[in-house]
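> Sequence first, then the predicted structure:
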Amino acid sequence: MVVSTQPPSEITVRAVAPGDVAQIRSLNARAFGPGRFARTAYRIREGTGDFSPFCRVCVIDGQLVAAVRFTPIRIGGRNGALLLGPLAVDPAFANRGHGRGLVADALRDAREAGIALVVLVGDEPYYTKLGFRRVPQGQITLPGPVDTGRLLAAELVEGALANYGGIVSANLGAPP
Ligand SMILES: CC(C)(COP(=O)(O)OP(=O)(O)OC[C@H]1O[C@@H](n2cnc3c(N)ncnc32)[C@H](O)[C@@H]1OP(=O)(O)O)[C@@H](O)C(=O)NCCC(=O)NCCS
């Protein structure tokens with residue numbers, strides 16, 4: 001029998017701090033590659049701060065291994081919504097629940113803060129388990145091309161999706 005002498009890892013999920021930004025950019029570059037800036041979701045985030053109160057990182061033994069960003073948005077001029085993304089996990093730490101853990105942690109805090117709806121452009125099979133479902137085609141639009149089957153929303157207030165329709169824009173009046 002082999003007995004491990006390694007101490008257990010110290011895993012921390014916490015809000016993003018200014019000192020994390022460079023490492024998060026590097027993680028996103030590795031996860032998404034250079035084409036990421038052309039994505040419609042990136043266009044919405046342009047001009048917003050680097051992070052909002054709901055952005056989260058996962059740090060293991062001092063190493064930043066996962067990050068998720070949330071941007072306050074308006075949908076058809078209505079406040080109270082967030083855009084989730086990017087979510088990136090270091091491939092060396094994939095499939096250990098860090099991605100879902102970060103999103104779940106942030107959604108819990110967002111609900112407590114009164115956020116009604118979170119939208120994203122992403123893989124439905126992954127996000128369904130976090131409470132996201134497809135937005136009915138044409139109800140919510142983004143300022144650029146999006147595969148409508150990948151436009152998903154999670155209601156943090158029951159029935160909230162029905163109250164939102166129209167184009168998504170950054171909510172520049174929201175706190176950083
Ligand atoms: C996608 C990503 C965020 C997942 O993070 P993770 O921490 O590895 O995933 P988790 O541990 O939270 O979840 C693992 C589960 O999700 C599944 N999964 C992972 N990526 C998936 C995807 N793109 N679509 C569907 N399921 C996926 C795994 O098969 C696993 O399933 P299981 O629970 O049935 O075993 C991560 O792999 C990543 O950063 N990928 C590159 C960037 C990216 O594509 N981000 C956006 C996602 S739309």
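Great, that's in hand.
> Contact residues of this structure facing the ligand?
Contact residues (C-beta under 6 Å from any ligand atom) of the chain with the ligand: 31-32, 87-89, 94-100, 122-123, 125-126. Where C-beta positions appear, they are placed from N, C-alpha and C, glycine not excepted.
> Return the subset of those lying in helices.
31, 32, 98, 99, 100, 125, 126 (DSSP state H).
> Just name the closest of those residues to the ligand, please.
residue 99 (2.7 Å; C-beta to the nearest ligand atom).
> can you tell me which residues contact residue 110?
54, 70, 82, 118, 156 (C-beta atoms under 8 Å, 6 or more residues apart in numbering).
> Which among these count as buried?
54, 70, 82, 118, 156 (16 or more other C-beta atoms under 10 Å).
> element containing the first one?
Right, residue 54. Assignment of secondary structure by DSSP states H and E places residue 54 within no helix or strand.
> Report pLDDT for it.
We have a pLDDT of 96 for residue 54.
> what pairs with the helix or strand residue 152 falls within, and is each one parallel or antiparallel?
Assignment of secondary structure by DSSP H and E places residue 152 within strand 151-155. Note on strand 151-155: by DSSP bridges, its sheet partners are strand 117-121 (antiparallel), strand 133-134 (antiparallel).
> what would the ones you listed look like in TSV with mean pLDDT?
Formatted as TSV, the strands paired with strand 151-155 follow (pLDDT from 0 to 100):
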stretch	mean pLDDT
strand 117-121	97
strand 133-134	98
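> And for residue 8, the neighbour number?
Residue 8 is flanked by 7 other residues according to other C-beta atoms under 10 Å.
> returning to what we had before: any idea which of the residues of the chain next to the ligand is closest to residue 112?
residue 100 (18.9 Å; C-beta to C-beta).
> Pull the contacting residues for the closest one.
129, 130.
> How much space separates it from residue 22?
According to C-beta to C-beta, to the nearest Å, residue 100 and residue 22 sit 25 Å apart.
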